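Asks: Predicted coordinates and the sequence they were generated for:
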Amino acid sequence: MDYYYYYYFVIIVIMVVVIISKKLVRFVTCNWCRNLPLSIAISLSAITVLYLFVNYAYFVVLSIDGVLQSEAVAIVGHIGFSCTHMN
């Protein structure tokens, strides 16, 4: 299988992100007293809505019984996060 199409896709996505970020920086620095708080409010709102949609998708896909019976949910201590030294 030819993987060059994936590389082209990644390059195009990076180019689009660079173009959009240049326009956003120009938008914020043009009238920063008005645009900076507006940008912060819009970005925080967008991230909050995205977070809520992702959590809703988790609840739609996973049943509560499946989450309670699974052994792989919220494993702490097996990947280097141990709380034994906190006491």
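Replies: It's in.
Asks: and the helix or strand encompassing T48, how far out from the chain's middle?
Replies: In this assignment (DSSP states H and E), T48 forms part of helix 32-61. The chain centroid and the centroid of helix 32-61 are separated by 10 Å under C-alpha atoms, centre = their mean, to the nearest Å.
Asks: gap between Y8 and V60?
Replies: When distances are taken as C-beta to C-beta, to the nearest Å, Y8 and V60 turn out to be 34 Å apart. Placement of C-beta: from N, CA and C, glycine included.
Asks: Equivalent analysis for R34, please.
Replies: R34 sits 39 Å away from V60, going by C-beta to C-beta.
Asks: ok, now I40?
Replies: Relative to V60, I40 is positioned 31 Å away (criterion: C-beta to C-beta).
Asks: more crowded one of those two?
Replies: Set I40 next to V60 and count neighbours by other C-beta atoms under 10 Å: I40 wins out with 11 against 8.
Asks: Can you check the pLDDT for that one?
Replies: What the model reports as pLDDT for I40 is 85.
Asks: Start at 545, not 1
Replies: Okay, residue one is now 545; in that scheme the one you just asked about reads as I584.
Asks: Near A590, how many residues? Count them for me, please.
Replies: Other residues near A590 come to 10 when the count uses other C-beta under 10 Å.
Asks: Same check on L580?
Replies: The number of residues packed near L580 is 13, by other C-beta under 10 Å.
Asks: before we move on, what about F571?
Replies: Applying other C-beta under 10 Å, we find 14 other residues in the vicinity of F571.
Asks: Could you tell me how far the least confident helix or strand in the chain by mean pLDDT lies from the centre of the chain?
Replies: Evaluated with mean pLDDT, DSSP states H and E, the helix-and-strand set of the chain has its lowest mean pLDDT in helix 608-613, which scores a mean of 74. The chain centre lies 25 Å from the centre of helix 608-613; the measure is C-alpha atoms, centre = their mean.
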